[in-house]
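# What follows is a predicted protein model with its sequence.
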Amino acid sequence: MKKQHDQSYKLLFSEPRVIRDLLTGFIGEDWIEKLDLDSLERVSGSFVTDDLRDRENDVIWRARFGDEWCYVYLLLEFQSTVDRFMALRTMTYVGLLYQDLVKQKQLTRSGKLPPVLPIVLYNGERRWSAPVTVRDLIQAGPGSLAQYRPDLSFLLLDEGALVADQQFSSEARNVVSAIFQLEHHRSPEDAVELIGLLVKWLQTPEQTDLRRHFVIWIKRVLLPNWVSNDEQGGWQALNELSEVHNMLAERAKRWPEQWKQQGLAEGRREGREEGREEGREEGRQEGRQEGRQEGRQDVARNMIQQTSLDDQTIAQVAEISVELVTKLREEIERSR
């Protein structure tokens, strides 16, 4: 699943519209306005060395900045834990890119290296806590030795933190904003609504490839959390984003009741098994109650691990307390 996520996510960030929305929507600096975003072009695999081509999760773009080029190096991180030494990795990859630019003689008119903006897109559930500059990873040496510490930084976009920010909005026609929110959607209904917005935003013929890439990503990454393996076959033939949205909108109406019935069925089954082992009526009754409770907890655990629903919604569907859902979530986090 992680591999599929990597490949389908990379497809999305291989589209000029997505890179444009990333730069204009999440880089709050004046110099972005001076970039010629119509000149955006992806740096081809033949342009870089094997060392960088092996970085399958990374995407390199460039855009005109006056008469020169400005490069954007995207590192796409699909991991649940924070990489403490990400700043060091970023420095290494930017260094490799600069080596390639020297070999290709892609220097500025003054003979210098062009500017590179390294961006790390992190989609983990835990908030990012590692340094974003190499300097903070290196012990300062005595005296003047400290001045030789490298000081390269990267721009961190922690998707979960951005979505949790109260100022974060889906109103703007920004596809990257929609991607982040789909990654961390609170309920299937929210996800369906976001996909509906994408259908409206991406209607023109020149956005056909981007719509198709969204369909691939939704089917590979999001759909397995909502539909059983047996049911997914009928979805694979869908290639148009509007078709996926229509089917999800219809299916979403039935999901809460399905989860509820699943929890009740599991509870009854466990209760019967426990009751038979006890052999007494009191034991059977207690077994049924405990079994139903354990069945509801199993449903809650599955929803915590496989969906992005909030604790309140999970508690309502599984028919257990919000406090118990929170406790189960903490247990799952500790076991990772």
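Structure received.

# in stretch 299-314, what counts as buried?
Under the neighbour-count criterion of 16 or more other CB atoms under 10 Å, stretch 299-314 has 299, 300, 301, 302, 303, 304, 307, 308, 309, 311, 313, 314 buried. C-beta: built from backbone N, CA, C; applies to glycine.

# What is the nearest of those to residue 61?
residue 308 (28.6 Å; CB to CB).

# Just checking: the least confident one among the buried residues of stretch 299-314 is which?
When the buried residues of stretch 299-314 are sorted by pLDDT, the bottom entry is residue 308 at 65.

# Between the buried residues of stretch 299-314, which sits nearest residue 183?
residue 308 (7.8 Å).

# Do you have the strands of the stretch 1-150 of the chain handy? List them.
For the stretch 1-150 of the chain, strands defined by DSSP state E, counting those that start in this stretch occupy the ranges 36-42, 58-65, 68-77, 116-122.

# mind putting those in JSON lines, mean pLDDT included?
Compiled in JSON lines, those are given as follows (pLDDT from 0 to 100):
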{"stretch": "strand 36-42", "mean pLDDT": "93"}
{"stretch": "strand 58-65", "mean pLDDT": "91"}
{"stretch": "strand 68-77", "mean pLDDT": "89"}
{"stretch": "strand 116-122", "mean pLDDT": "92"}
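
# Same list, those strands, but as JSON lines with distance to residue 334 and mean neighbour count please.
Below are those laid out as JSON lines (distance: least, CB to CB, whole Å; neighbours: other CB atoms under 10 Å):
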{"stretch": "strand 36-42", "distance to residue 334": "41", "mean neighbour count": "13"}
{"stretch": "strand 58-65", "distance to residue 334": "31", "mean neighbour count": "20"}
{"stretch": "strand 68-77", "distance to residue 334": "22", "mean neighbour count": "20"}
{"stretch": "strand 116-122", "distance to residue 334": "21", "mean neighbour count": "21"}
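
# In CSV: those strands, plus distance to residue 157.
Output for the strands of the stretch 1-150 of the chain, formatted as CSV (distance: least, CB to CB, whole Å):
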stretch, distance to residue 157
strand 36-42, 18
strand 58-65, 13
strand 68-77, 9
strand 116-122, 5
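
# closest to residue 7 out of those?
That would be, of these and by CB to CB, strand 68-77, which comes in at 10.3 Å.

# quick one, helices of this structure?
Ranges of helices in the chain, per DSSP state H, are 2-12, 16-26, 50-53, 86-103, 159-164, 175-183, 188-201, 208-217, 241-252, 255-278, 281-306, 311-318, 322-335.

# pLDDT on the third one, on average?
Averaged over helix 50-53, pLDDT sits at 54.

# give me the low-pLDDT residue ranges for the stretch 51-200 of the chain?
Residues of the stretch 51-200 of the chain meeting the criterion pLDDT under 70: 51-57, 78-80, 166-172.

# check contacts around residue 145.
Residues near residue 145 by CB atoms under 8 Å, 6 or more residues apart in numbering: none.

# ditto for residue 176
Contacts of residue 176 (CB under 8 Å, 6+ apart): 18, 21, 22, 25, 26.

# Could you measure from it over to residue 128?
Here residue 176 is placed at a distance of 17 Å from residue 128 (CB to CB, to the nearest Å).

# Pull out the buried positions in stretch 9-19.
Under the neighbour-count criterion of 16+ other CB under 10 Å, stretch 9-19 has 9, 10, 11, 12, 13, 14, 15, 16, 17, 18, 19 buried.

# These into a markdown table, with extra columns for pLDDT and distance to residue 109?
Listed next are these as a markdown table, based on pLDDT from 0 to 100; distance: CB to CB, whole Å:
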| residue | pLDDT | distance to residue 109 |
| --- | --- | --- |
| 9 | 83 | 36 |
| 10 | 84 | 33 |
| 11 | 87 | 35 |
| 12 | 90 | 34 |
| 13 | 91 | 30 |
| 14 | 89 | 29 |
| 15 | 92 | 30 |
| 16 | 93 | 26 |
| 17 | 93 | 30 |
| 18 | 93 | 30 |
| 19 | 94 | 25 |
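
# hmm, back to that, now the two most distant members of the buried residues of stretch 299-314.
Pairwise distances across the buried residues of stretch 299-314 (CB to CB) peak at 15.9 Å, for the pair 299 and 308.
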